Structure formats: C-alpha cells, structure tokens
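Participant: Sharing a sequence plus its predicted fold:
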Amino acid sequence: AQSVAQPEDQVNVAEGNPLTVKCTYSVSGNPYLFWYVQYPNRGLQFLLKYITGDNLVKGSYGFEAEFNKSQTSFHLKKPSALVSDSALYFCAVRDDTGGFKTIFGAGTRLFVKA
Amino acid sequence: NAGVMQNPRHLVRRRGQEARLRCSPMKGHSHVYWYRQLPEEGLKFMVYLQKENIIDESGMPKERFSAEFPKEGPSILRIQQVVRGDSAAYFCASSPPTGPMAEAFFGQGTRLTVV
C-alpha cells in the first residue's frame, strides 16, 4: 500500500533563507512523486513531479525537489524563500503498478517571515 | 482550456438533507478523483473514477456516500442524510489517460457546511 509522511506540521523560515519541506514515502513498485501547494480557500496547485531520471527536479516558482531512493525521500527545496511562499504544501505519491490512485501527505504549513 | 470546474463553491445543508457536488474535469481528462479535506487536515482520498466506472472507492464511507462519472456530464459526489461531521471541503481532481505519471489538476473545491 502507498503512504506518504510529512514529518513537520510547520516550517518557519526567514525571507531570503533557504527552505526545505520534508517528505518520505512508501510504495509497492517504483514511485511517481508530486508536490502541490495550497493557498487559503483555494484548490491545490501542481508544483513539480518526479517520474524517472535526474534526481533533482525543478518546478514552478523556483522550487525544486530531490529524490533519494535509498532514503525513500522527496524533499522540497528553494534556495531563497519569499514571504509569498507562505502556504500549505502537500507531497503525494502514486506507484507504477498500474493504478492512478494518488495518496497525499498530511501537509506542511510554511511560514516565511519578512 | 478551462480548468477543473466544481460547483457549487459553497453549499449549506441541514442535517438529514442530501448534498450533491459536481465536478467537470479538464478537457481530455478521463480520470476523476474526489478528496475530502477537514479543517487543518490533509487530503483524504475518497474515490477514483473513469467514465462510467468506479475504479477505486476504498476511501469512501460505507454508507450515505456515492459517486458517479456518467458518459455525459459531470462527475457527481452524493452525500445522503448529511450529518455535521460531513462538513468539510471536497476537492475534485482530474488527469489525462496518458498514464499514472501525469499530474492531477484540482478544482477550487466545494465547501460543505451542515447546520
């Protein structure tokens, strides 16, 4: 069965500093991994995904994520945080055994202080 | 290309009434997913449908909840005899039939309040 863990409920970072939002996963086959962002009273917006190939994936708004197969992790990163990055971030996983079901983590709230 | 459209955006129902939530997927998308989000919580998978078929309903409560995705028209999530605990945001997402590597696109959600 698929599962996703986001170990931090909240991450606080100062504007201009690098940020990391952590995610670990468990799947039966090979993983397809996704990051989404949610702003208040809005739906989720897709940021980036890992399918195969290069372990460092670049996405929207300057975000990137690093896939680590041995640690079963897919941490979201950004070199320099903006106040406008403050939002709720979700990691999600599917596996390659043929299904389309996507499981989401509990979410991590990011606060970026000016 | 319009995004995933959900309506209504806000729905208020009295206990015991029925709630019908609608979702029109993006053009060309044949896979629809429904998720529930409680306040300050993550997204809980409810059901995954393709046209005229329920593929995975492992997250659906056994009673009062049903979903369909007919050949024509939007996908419908139906909640019968609503209770206060059904109050939540319900999100629909869709993805193309190109394979499980395709990301899903989300609608703005329907916020159900049961009074």
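Facilitator: Thanks, I have the structure now.
Participant: how about A:Phe90, what does it touch?
Facilitator: Contacts for A:Phe90 were tallied using CB atoms under 8 Å, 6 or more residues apart in numbering or on different chains; they are A:6, A:35-38, A:44, A:104-105, A:107-108, B:42-43. Yep, even glycine has a C-beta here, placed from its N, CA and C like the rest.
Participant: any idea how far it lies from B:Lys62?
Facilitator: 26 Å (CB to CB, to the nearest Å).
Participant: for chain B, what are the nearby residues on chain A?
Facilitator: A:32, A:34, A:36, A:42-46, A:49, A:51, A:90, A:94-96, A:98-107 (CB under 8 Å from any CB of the partner chain).
Participant: Weed out the non-buried ones from those.
Facilitator: Neighbour counting with 16 or more other CB atoms under 10 Å in any protein chain shown marks A:32, A:34, A:36, A:43-44, A:46, A:49, A:51, A:90, A:94-96, A:100-107 as buried within these.
Participant: Now A:Val83. Its backbone dihedrals?
Facilitator: Dihedral pair for A:Val83: phi -60, psi -40, per degrees, to the nearest 10.
Participant: For A:Val112, see how far away it is.
Facilitator: Distance from A:Val83 to A:Val112, counting by CB to CB: 5 Å.
Participant: Between those two, which is the more surrounded one?
Facilitator: Taking neighbours as other CB atoms under 10 Å in any protein chain shown, A:Val83 and A:Val112 compare with A:Val112 leading, 20 against 12.
Participant: The helix or strand that B:Leu77 is a member of: how far from the chain's middle?
Facilitator: In this assignment (DSSP states H and E), B:Leu77 forms part of strand B:75-79. Taking CA atoms, centre = their mean, to the nearest Å, the mean C-alpha location of strand B:75-79 is offset from the chain mean by 6 Å.
Participant: If you count neighbours, what's buried in it?
Facilitator: So, applying 16+ other CB under 10 Å, buried residues of strand B:75-79: B:75-77, B:79.
Participant: follow-up on the earlier one: just the residues of chain A next to chain B: which are in strands?
Facilitator: A:32, A:34, A:36, A:44-46, A:49, A:90, A:94-95, A:103-104 (DSSP state E).
Participant: Check these and tell me the two furthest apart.
Facilitator: Using CB to CB, the two most remote members of these are A:Gln45 and A:Asp95, lying 23.2 Å apart.
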